[in-house]
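*Asks:* give me a 3D structure for the following:
(chains A, B and C)
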Amino acid sequence: MTTATFTLGQLAARFELAMRGDPQQPIAGVATLAQAGPTQLGFLANPRYRAQLAQTQAAAVVLREADADAWDGSCLIARDPYVAFAKIAALYERQPAAAPGIHPSAVVAATATIAAGASIGPYCVIEDGARVDDGAVLGPHCIVGRDCAVGAQSRLVARVTLVQDVTLGKRVLVHPGAVLGADGFGLAFDRDHWIKVPQLGGVVVGDDCEIGANTTIDRGALGDTVLEEDVRLDNQIQIAHNVRIGAHSALAGCAAVAGSATIGRYCLIGGGAGILGHLSLADRVTVTAMSLVTHSLREPGEYSSGTPIQPNRLWRRNAARFRHLDEIARRVGAAGKEEDP
Amino acid sequence: MTTATFTLGQLAARFELAMRGDPQQPIAGVATLAQAGPTQLGFLANPRYRAQLAQTQAAAVVLREADADAWDGSCLIARDPYVAFAKIAALYERQPAAAPGIHPSAVVAATATIAAGASIGPYCVIEDGARVDDGAVLGPHCIVGRDCAVGAQSRLVARVTLVQDVTLGKRVLVHPGAVLGADGFGLAFDRDHWIKVPQLGGVVVGDDCEIGANTTIDRGALGDTVLEEDVRLDNQIQIAHNVRIGAHSALAGCAAVAGSATIGRYCLIGGGAGILGHLSLADRVTVTAMSLVTHSLREPGEYSSGTPIQPNRLWRRNAARFRHLDEIARRVGAAGKEEDP
Amino acid sequence: MTTATFTLGQLAARFELAMRGDPQQPIAGVATLAQAGPTQLGFLANPRYRAQLAQTQAAAVVLREADADAWDGSCLIARDPYVAFAKIAALYERQPAAAPGIHPSAVVAATATIAAGASIGPYCVIEDGARVDDGAVLGPHCIVGRDCAVGAQSRLVARVTLVQDVTLGKRVLVHPGAVLGADGFGLAFDRDHWIKVPQLGGVVVGDDCEIGANTTIDRGALGDTVLEEDVRLDNQIQIAHNVRIGAHSALAGCAAVAGSATIGRYCLIGGGAGILGHLSLADRVTVTAMSLVTHSLREPGEYSSGTPIQPNRLWRRNAARFRHLDEIARRVGAAGKEEDP
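*Replies:* Numbering: from 1, shown residues only, chains lettered A, B, ... in the order given. Below you'll find the model as predicted:
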């Protein structure tokens, strides 16, 4: 397990930050301002917490130039303290290096290709035609199915399932329970019963994506389901067949995107939001939590649906009136008649 | 791996479709109109895409009689082109036959019964009293718990958990990460703390059902949770204890059904929709995405709740007014006073 | 497998319930009033079902004093029949005792500590520094990651993942597919791409908690994500990093709590509800199904958002008008102008 102590000066040099204070000050870890001890580094990113500077025991603080006056201790000056803190914190992660090699309990098909520098953990199953590239790390219980590929330096933490025809780029991080490449939900109704529509495509995940725990990404019906580079998916997200998600977009927990929807670049989709199928979101669209997008959004900006939280007693009265909102509107002669919502 | 080329004539004969063109035309696969190459079959099911016929490189197209005039190449005439395409596409699935037998790494209880023609993959665990019938296929890492039964020709793709007292019919398809037969959420509040209510029932899944990735179906408290035949569940669906879902109903991703609710036959439940407990949906009820059903729906038809997506700036003003909708309604003398929403 | 028959008199004595009828009456199991046979015990907790007493074949019924007149057979009188029934039903659960010991296929790190009285099932993986206490039971395919601890008498039913730095108290029950301790969704945006914010905290789960199938609880960014004692989580719940849930709170299926939110004691969160981040719910707050909580709720009570379910044709008209609710409100001079929803 690799933990280390760095000096303030070393951190300043490594991340090209201006420093004030003793360059020899040891920094043994990171913490919030409220909880930091005398060998730890804190950070101030949100002005709302400025007042915490007065009480903190932190050895040093990462903050903006503008906040440096409010703190008379050692500090690192950063244009974006949260980003700087994230980079510094990564030095203190206790992440043991995974030894290259294949655990004896792994079941690896003869036609699979495992790079010498890859690490395959206990009880992994690697199927025909699969490929795992150099520096990739598979934790215990991962399944890499037929014709799947795991790119260099990618990491499947544990119990990840790549079902079939899934291609991960480099430095992709996938959390436990995620299932990529299961069949998209393709059904055709034949008079009185369902026929399954075979799903013949795959899943392509770009470099540097992160996919959360128990998230599901289905393979395409014809053609692939695609995540461009640096897409970030939280837990329990559902991505249906033939969705395309643009680079640098991020989706929060429990969001869902229906079949053949296209999400642009730099989009932010809030927790529990839903995007219906066969529509497009432009670049830089933000959808707030638990909103439902039912038509394409062609302009960047923030979009919402829903109603506010209220004491139930009050909500019931308002909700009851919603059933008659069309009548109310007609009575006052307002706009919105028979529009498509 | 079985892939094949069929001729247009062979496809026409096999699926009893009228054919126009060269019966010897080889068809090596299927694709969308936009992406089909000169040995592939496309389809036109949605009139919205008729214009794509003019550009397609497809060797032949499946379409309706009425659209045959818009296409001068080879074709197969179908009453329902999407259904026909689904059946044809199944011929081109690259699905290796699973060899019958039990992988040496599988742990099988002495009191379990595995048919000779069943296929049990690496690291499967089959517990006491469980049964796996002929032609059933268990991919890697499946768990078939105590007294569970997997019917003939069913397939558990990989990493499926049948916890206890789960009975799957014939030709049931279950995708990775699905959990059937976990305890229903039974709690009794005893003055100042919770008591767990034991869940003593099971789960019964009818023939030809399909259950999506990471979907959960709980065992009943007393009596079973039941899916009738040909029920189709997408990913990340939650089915609570003692729910009954009628034959041929389909639920889209992330839908949830609370305890003891009954869903009729031929129902369609949209993505992210919620059905509260102890209520009934009639046959042929459709609930749109992210709607919440709070009382029984006794008539067939389509039902919805929610509000439309808007630019956040506009939505905020409307949402703020919702808090006072009862007052607004009273001012105009509209209906909906003190109704139960 | 342990099943037993108890006499009515034994049940009365064990649970300190008044009894009417033959103390020697054998009770072989429990069932609903509608389905009970002549050797089974039924219960009447909800007055709505009183009429079922007339038809039931049950050997005896657990009910309130006030309902005893409506039943002339044997009975057990309870202040809370549902709680009494839950306790009695537990005697009839067919739960084989798990044999202490470590299955030969389990992979256990040299630095892990497994109590002699713990039971570790097939294909479990226990990593460095992990600890499993006496009487704990791990079913097949569980992963107990680095520095995780499973408290005495806890049970991981099957396929549970404790990723890293997860501490479970005593008598914690975790259902299949649950993932505890995956990285919280920490991202910092660095000009044109995302930087991952390392998650350095853990997860702490108090005594007697129950965690449903496929539920995810993320480790903290700095400091832990915490469930106090007797918290009950249904299936497919998402708990983000640094959330704190107070003792005896219960969350129904598919609910989600965003980062750093605090939920008080004795809260009830309905199915599919969402709680945004960095806010607080007081004790004894109830949030109804599929509501979205966007600000702190500082008073006990019931809270809701959303609109009622309607036939789609009617809903469309009302939803269309919602887009102009601000105009409607201004026309009638109602309150709610430019408030923060």
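*Asks:* which element is A:Q10 on?
*Replies:* Assigned by DSSP states H and E, A:Q10 belongs to helix A:8-14.
*Asks:* is chain C contacted by that helix?
*Replies:* No - using C-beta under 8 Å from any C-beta of the partner chain, helix A:8-14 never reaches chain C; the gap is at least 14.6 Å. (C-beta placed from N, C-alpha, C; glycine too.)
*Asks:* what mean pLDDT does that helix have?
*Replies:* Mean pLDDT, helix A:8-14: 96.
*Asks:* quick one: buried residues of the very next helix or strand once past that helix?
*Replies:* Counting by DSSP H and E, the next helix or strand C-terminal to helix A:8-14 is strand A:18-20. Neighbour counts using 16 or more other C-beta atoms under 10 Å in any protein chain shown place A:M19 of strand A:18-20 among the buried residues.
*Asks:* pull up the pairing partners for strand A:18-20, direction included.
*Replies:* strand A:74-77 (antiparallel) (DSSP bridges).
*Asks:* which is the next helix or strand following the strand it pairs with?
*Replies:* Next along from strand A:74-77, by DSSP H and E: helix A:81-91.
*Asks:* how far does that following helix sit from the chain's center?
*Replies:* 18 Å (C-alpha atoms, centre = their mean, to the nearest Å).
*Asks:* try stretch A:192-206
*Replies:* 24 Å.
*Asks:* get me the contact residues on the stretch 1-150 of chain A for chain C.
*Replies:* Near chain C, when you scan the stretch 1-150 of chain A using C-beta under 8 Å from any C-beta, you find A:1, A:29-32, A:35, A:80, A:82-83, A:85-87, A:89-90, A:92-93, A:96, A:105, A:121-123, A:140-141.
*Asks:* quick one: buried ones out of those residues?
*Replies:* A:29-32, A:80, A:82-83, A:85-87, A:89, A:92, A:105, A:121-123, A:140-141.
*Asks:* out of the residues you listed, which touch chain B?
*Replies:* Okay, of those touching chain B (C-beta under 8 Å from any C-beta), that's A:123, A:141.
*Asks:* and stretch A:256-274, what's buried?
*Replies:* Neighbour-count burial for stretch A:256-274 [16+ other C-beta under 10 Å]: A:256-274.
*Asks:* start and end of that stretch, how far apart?
*Replies:* 5 Å (C-alpha to C-alpha, to the nearest Å).
*Asks:* same question, stretch A:264-272
*Replies:* 19 Å.
*Asks:* again, but for stretch A:245-255
*Replies:* 13 Å.
*Asks:* try stretch A:231-238
*Replies:* Span of stretch A:231-238 from end to end, C-alpha to C-alpha: 14 Å.
*Asks:* is any part of that stretch close to chain C?
*Replies:* Yes - remark: stretch A:231-238 sits within contact range of chain C at A:232, A:234-236, by C-beta under 8 Å from any C-beta.
*Asks:* look up how far B:N214 lies from A:D218.
*Replies:* Applying C-beta to C-beta, to the nearest Å, the value for A:D218 to B:N214 is 11 Å.
*Asks:* what is the rounded mean pLDDT of stretch A:43-53?
*Replies:* pLDDT averaged over stretch A:43-53 gives 90.
*Asks:* likewise stretch A:167-175?
*Replies:* Rounded mean pLDDT across stretch A:167-175 is 98.
*Asks:* equivalent analysis for stretch A:290-298, please.
*Replies:* 98.
*Asks:* are it and chain C in contact anywhere?
*Replies:* Yes - for a cut-off given as C-beta under 8 Å from any C-beta, stretch A:290-298 has contacts with chain C, namely A:M290.
*Asks:* return the distance of that stretch from the chain's centre.
*Replies:* With C-alpha atoms, centre = their mean, you get 20 Å for stretch A:290-298.
*Asks:* just stretch A:22-30 next, same as before
*Replies:* The answer for stretch A:22-30 is 31 Å, by C-alpha atoms, centre = their mean.
*Asks:* also stretch A:282-297?
*Replies:* 17 Å.
*Asks:* again, but for stretch A:161-173
*Replies:* With C-alpha atoms, centre = their mean, you get 15 Å for stretch A:161-173.
*Asks:* first to last residue in that stretch, what's the distance?
*Replies:* End-to-end for stretch A:161-173, by C-alpha to C-alpha: 13 Å.
*Asks:* try stretch A:48-62
*Replies:* Span of stretch A:48-62 from end to end, C-alpha to C-alpha: 15 Å.
*Asks:* got a list of contacts for that stretch?
*Replies:* A:8, A:17, A:21, A:25-27, A:31, A:33-34, A:36-44, A:67, A:70-71, A:73-76, A:78, A:81, A:84-85, A:88 (C-beta atoms under 8 Å, 6 or more residues apart in numbering or on different chains).
*Asks:* likewise stretch A:129-140?
*Replies:* By C-beta under 8 Å, 6+ apart, stretch A:129-140 touches A:98, A:109, A:111-124, A:126, A:144-160, A:162, A:170, A:176, C:107, C:125, C:143.
*Asks:* may I see the buried residues of that stretch?
*Replies:* A:129-133, A:135-140.
*Asks:* show me what the helix or strand where A:T167 lies pairs with in its sheet, parallel or antiparallel.
*Replies:* Under the criterion of DSSP H and E, A:T167 resides in strand A:166-168. Counting by DSSP bridges, the strands paired with strand A:166-168 are strand A:149-150 (parallel), strand A:203-205 (parallel).
*Asks:* just after it, pick out the following helix or strand.
*Replies:* With DSSP H and E, the next secondary element past strand A:166-168 is strand A:173-174.
*Asks:* so does that next one get close to chain B?
*Replies:* No - Strand A:173-174 is not in contact with chain B by C-beta under 8 Å from any C-beta; minimum separation 13.0 Å.
*Asks:* do the following helix or strand past that strand and chain C meet?
*Replies:* Going down the chain from strand A:173-174, the next helix or strand is strand A:179-182, by DSSP H and E. No - if you take C-beta under 8 Å from any C-beta as the test, strand A:179-182 misses chain C, and the best it gets is 10.5 Å.
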